[in-house]
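> Predicted model, plus sequence, below.
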Amino acid sequence: MLGITVGVEAPDLPKALVLSAGTYFYGEELRAWWRGRTSEAHVPPERRAAAQAVHTALGPDQWRLLAEAFLALHAHAPAEDFPEEEELRSIRAPTLIIHGDRDWFFPVVVPVALYGLIPASELCILPNAGRAHVHSHAD
């Protein structure tokens with residue numbers, strides 16, 4: 001999300017961007033979808049054990065607290081903080097968009113839409129990969 005912001009707000013700064021499981025709340029349809037999310041929908045039952053294994057400081061329901069805090073981001077930011085389609089089209093830096101096809105936060109339609117909007121972009125959808133796989137591979 002930060003990479004998208006830099007690409008829009010300071011288009012001459014980045015030589016290239018890599019958006020790893022990145023997204024933005026562009027368009028009213030995606031914003032409405034996000035407003036309707038719940039912590040239970042955001043972290044499905046099969047992902048809760050993995051989320052809890054990583055974040056243990058606040059006890060067994062930490063997955064829920066983290067999901068609620070993440071979902072609340074939209075409520076605390078005005079709509080003008082999120083780029084519209086025309087702003088995404090203005091990103092000039094060559095951009096690689098990487099996304100797992102099993103990302104439980106954002107469906108594949110989101111990176112595909114970004115790919116269609118950012119002019120100098122390439123799209124890499126990783127098969128059988130979720131959000132954590134996209135962020136954590138070091139090999």
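Yep, it's here.
> buried set for the helix or strand I4 falls within?
Secondary structure assignment for I4, by DSSP states H and E: helix 2-9. The neighbour-count check on helix 2-9 (16 or more other Cβ atoms under 10 Å) flags G3, I4, G7, V8 as buried. (Glycine included, C-beta is placed from N, CA and C.)
> Next, the contact list for the first one, please.
This means G3. G3 makes contact with P14, L17, V18, L19, G22, T95 under the criterion Cβ atoms under 8 Å, 6 or more residues apart in numbering.
> Show me which pair in the residues you listed is furthest apart.
P14 and G22 (13.2 Å; Cβ to Cβ).
> Show me which of the two is the more surrounded one.
G22 (20 against 16; other Cβ atoms under 10 Å).
> Just give the closest residue to that one, not the sequence neighbours.
M1 (5.6 Å; Cβ to Cβ, 6 or more residues apart in numbering).
> Lovely, talk soon.
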